Structures are given as structure tokens and as C-alpha cells.
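# here are the coordinates; sequence isn't available:
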Ligand code: KG4
Ligand code: ZN
């Protein structure tokens, strides 16, 4: 089966084509980073307009690269949420228009389910069950993944996401959006221990985290610095920040391994591209006889391949009736606020 995946929840338009036998056939990403940089963050209306410009062109590019025609597709998977409402609507509109024209099903995918399954595009791929650490611009959470579609939230950030803390720290250090890669590069040049920042909730008896205090601690250091533009100070502060994030994530990962007894840790989401965090988690796992799995480097941040993977997994598990109910459907939803447990158990009562 061949599934086209479309991602447009934030500032990347991602399109990919996956084959159930051959794996990933082609994928393409257009990032809007340069467009949003001038504003210091994502401008939702600009994001939606750019997705409109890119979605069809990227779809054609991917089909061409795979040497296939649209008529060869069996289904389309598209990010249904969470994300920016307008941006989600663009991806869904394109997916449903193509799906309707071709008479094939369109499957709405939860963005985090995509991130969660993206490590299954790596070699070796993690078998179920595994612990997932999702670290992105909007989420930081530990999940227990029993099997496909069976997710249990083990703990999460109570305030800022780790990616958000990276982005805000970068801003305080005078770096451009998105800040993760810039802070990571500065930290590489910094001296460990030169500036020590707090490790929020490090010793809390659960898997919850908090990153907003860390950002405030960075601000305090910048305010009291004699010269905040001094390169040595900037590198040392970045180092202090990264080391604090690594300590918190590795301590919580160790706790999650102990608590669940599961020896596989899947790390996904944009922040999983961070080399200091990767190194810390690999070491933590190795010490406990566990193994850390990451998506391929180019599939850590938002992309269409992860949506195609999740869509294919859903498609393979659908009954004939479920599949038929999707055919010719003209109505669709964009779900800006949508939890993974709601997506996995749509019939269960949800707390809001
Ligand atoms: O998963 P993602 O592409 O989008 C969301 O779903 O949020 O994650 C984006 C986040 C941004 O906060 C960005 O700064 C962070 O991932 N990021 C990184 C790195 N690359 C991207 N953070 C730390 N180190 C990196 N190398
Ligand atoms: Zn994401």
C-alpha cells in the first residue's frame, strides 16, 4: 500500500510517500524559518498562506521523485491536530481534495503520534513496548507505548516545553528563532560548571518537569552580567542551560526506565536533534542496560514521513467498515488542541 503523508501544523510543510513493503519512497520539507525569523517566532497567518503555496508543489515533487502518479496512491494521511488552526486547515483541505478526486480514504493523524512513530523509520527500529520521550517546541512528555495506538501519559512539563525554553534562551542570548541549534552550538564552546543553573523538579518523585524557571534563571544571569554580549559569557550561559536540561531529562528518563521496567527509550520531536541531549540519554540508557532510539536526524523536526508512517499504521488496522466510512467524505476537522489520549481513545470520556 502507498500512503501520502502531509504535515502542515506549524512552520514546516512536509510531504512524504511511504510504501508498506519498500518503506519511505520520497519526502520533501519546506521550512518557513526564514520567513518568521524577522518576527522572532511563528506568525500563524503567514504560516497558513505559505502552506497554501507549498503543499501541492511538494506533493508533485514527491510523486515525481518516487516515479509514481497520483492514481497509484491507496490513501492519504494528514495532520489533523494539534497545531495552528489555519495551518492545519490548509493541509486537511489539500488532502481531502486529492482524496475525494481519487476516491481514496483520508486519515487524520495526531501530530505527536507521528513524532512517536518516527523512530520506526530508523534502523534498527524499536519494538513495542517502549517509553517515548517527546521533546518538541510545544510538548515535553514521557509516554508508555504499549503497542500502536495504546499510549499512557507518564509525566509531562507543567509549564514551558523544552523546545520553548531553548527558543527563549536563544532570544535572551541574542540568537535567531528557532533557537535550539544556536544554543547547542554556543554550549559546545562553553565551559561546564562556569555558570550553574537550577534543575527544576529534578528530585520530584514523579516524571513531571518544569522549564519556565530555567528560562527565568537565564534572564537573571543576562541581567546581572557586566557584558551580556561577551562571547565567553554567552557560551558559558548556553552551556549552563544545556547541562541543566540534559540533567533533568536524563534523570527523568532513568526514573521512567526504573518505574516501567521497559528497556527501550524512543526520543522524538524537534529537540531530539540536540546532540548533547542525545549523548546524555544514550549514556543514561547504556548504564541501565537499556537502549535509546532516535528518528533519523533529518526526520526529528516536523515532516511528512512521520505522518505517512502513522497513517499507514492506522490504515493497516482499519476494518472494512471503517475504511468505507472514510471514502467520499467531504467534511473534516482541524483540531488545534487535541491530546494524544483523545486521539487514541476517541470514545472515552475526556477531562478538559
Ligand atoms: O517538533 P518540532 O519541529 O515542532 C513542534 O512540534 O514543536 O520542534 C521544534 C523545536 C523548536 O523549539 C527548536 O528550537 C527545537 O525543536 N530544536 C532543537 C534543535 N533543533 C530543533 N532544540 C535543541 N537542539 C537542537 N539541535
Ligand atoms: Zn512537531
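Great, that's in hand. Just so it is clear, the structure is predicted and the values come from calculations on it, not from any experiment. Ligands and ions are numbered 1, 2, ... in the order given.
# Okay, now the unreliable bits of the protein?
For the chain, the stretches with pLDDT under 70 are 346-352.
# and the longest helix belonging to it, what does it pack onto?
Scanning the chain for the longest helix, with DSSP state H as the assignment, gives helix 231-260. On a contact count with 3 or more CB pairs under 8 Å, 6 or more residues apart in numbering; DSSP states H and E, helix 231-260 meets strand 130-135, strand 140-147, strand 150-156, helix 162-172, helix 180-189, helix 212-224, strand 264-268, helix 275-287. C-betas here are computed from N, CA, C, even on glycine.
# and the angle from the fourth one to helix 275-287?
Using axes from the mean of the first three to the mean of the last three CA atoms, to 10 degrees, one finds that helix 162-172 and helix 275-287 are set 140 degrees apart in direction.
# Helix 162-172 close to ligand 2?
No - judged by CB under 5 Å from the ion, helix 162-172 and ligand 2 are separated, with a smallest distance of 8.6 Å.
# orientation of that helix relative to helix 212-224 in degrees?
10 degrees.
# quick check, distance from helix 162-172 to the centre of its chain.
Counting by CA atoms, centre = their mean, to the nearest Å, helix 162-172 is centred 16 Å from the centre of its parent chain.
# Which residues does that helix contact?
Residues from elsewhere that reach helix 162-172, judged by CB atoms under 8 Å, 6 or more residues apart in numbering: 40-41, 135-138, 140, 160, 176-180, 182-183, 209, 211-212, 214-215, 218-219, 222, 238, 241, 245, 249, 269-271, 274.
# how much space between residue 244 and ligand 2?
23 Å (CB to the ion, to the nearest Å).
# Count the residues that sit near that residue.
By other CB atoms under 10 Å, the residues close to residue 244 number 23.
# excluding its backbone neighbours, what's nearest it?
residue 197 (4.5 Å; CB to CB, 6 or more residues apart in numbering).
# mind listing what the one you found touches?
Neighbours of residue 197 in contact, by CB under 8 Å, 6+ apart: 214, 217-218, 221, 240-241, 243-244.
# Would you mind listing which of the residues you listed are buried?
By neighbour count, with 16 or more other CB atoms under 10 Å, these hold 214, 217-218, 221, 240-241, 243-244 as buried.
# Provide the secondary structure category for the nearest residue to residue 36 once chain neighbours are set aside.
Counting by CB to CB, 6+ apart, residue 36 lies nearest to residue 42, which is 5.0 Å off, once chain neighbours are set aside. With DSSP: H, G, I helix; E, B strand; the rest coil as the basis, residue 42 sits in coil.
# show me the contacts for residue 42.
10-11, 32, 36, 84.
# OK, contacts around the spatially closest residue to residue 161 that is not a sequence neighbour?
Excluding the flanking residues, the one nearest residue 161 by CB to CB, 6+ apart is residue 140, at 4.7 Å. Contact analysis of residue 140 by CB under 8 Å, 6+ apart lists 134, 156-157, 161-163, 209, 211, 271.
# Just give me the neighbour total for the closest residue to ligand 1 within the stretch 201-350 of the chain.
Nearest residue of the stretch 201-350 of the chain to ligand 1, counting by CB to the nearest ligand atom: residue 270, 2.1 Å away. For residue 270, the count of nearby residues is 26 (other CB under 10 Å).
# my guess is residue 15 meets residue 56, correct?
No - using CB atoms under 8 Å, residue 15 makes no contact with residue 56, being 9.3 Å away.
# Show me whatever sits in contact with both of the two.
Shared contacts of residue 15 and residue 56 (CB under 8 Å, 6+ apart): none.
# the more surrounded of those two?
Set residue 15 next to residue 56 and count neighbours by other CB under 10 Å: residue 15 wins out with 31 against 13.
# can you pull the contacts of the residue in the stretch 51-200 of the chain that ligand 2 sits nearest to?
For the stretch 51-200 of the chain and ligand 2, the shortest gap (CB to the ion) falls at residue 136, measuring 4.3 Å. Counting by CB under 8 Å, 6+ apart, residue 136 touches 112, 115, 161-163, 269-271.
# Try it again at 10 Å.
10, 111-112, 115, 161-164, 268-272, 300-302 (CB atoms under 10 Å, 6 or more residues apart in numbering).
# By neighbour count, sort out the buried ones in these.
Buried among the contacts of residue 136 (16+ other CB under 10 Å): 10, 111-112, 115, 161-164, 268-272, 300-302.
# what's near enough to touch residue 142?
Residue 142 neighbours (CB under 10 Å, 6+ apart): 131-135, 152-156, 206-209, 249, 252-253, 255-256, 259-260, 265.
# and the stretch 1-150 of the chain, which of its residues are near ligand 2?
Counting by CB under 5 Å from the ion, the stretch 1-150 of the chain comes close to ligand 2 at residue 136.
# repeat for the stretch 201-350 of the chain
Near ligand 2, when you scan the stretch 201-350 of the chain using CB under 5 Å from the ion, you find residue 302.
# Next, find the distance separating the residue of the stretch 201-350 of the chain found nearest ligand 2 from residue 213.
In the stretch 201-350 of the chain, the residue that lies nearest ligand 2 is residue 302 (4.4 Å; CB to the ion). Separation of residue 302 from residue 213 (CB to CB, to the nearest Å): 27 Å.
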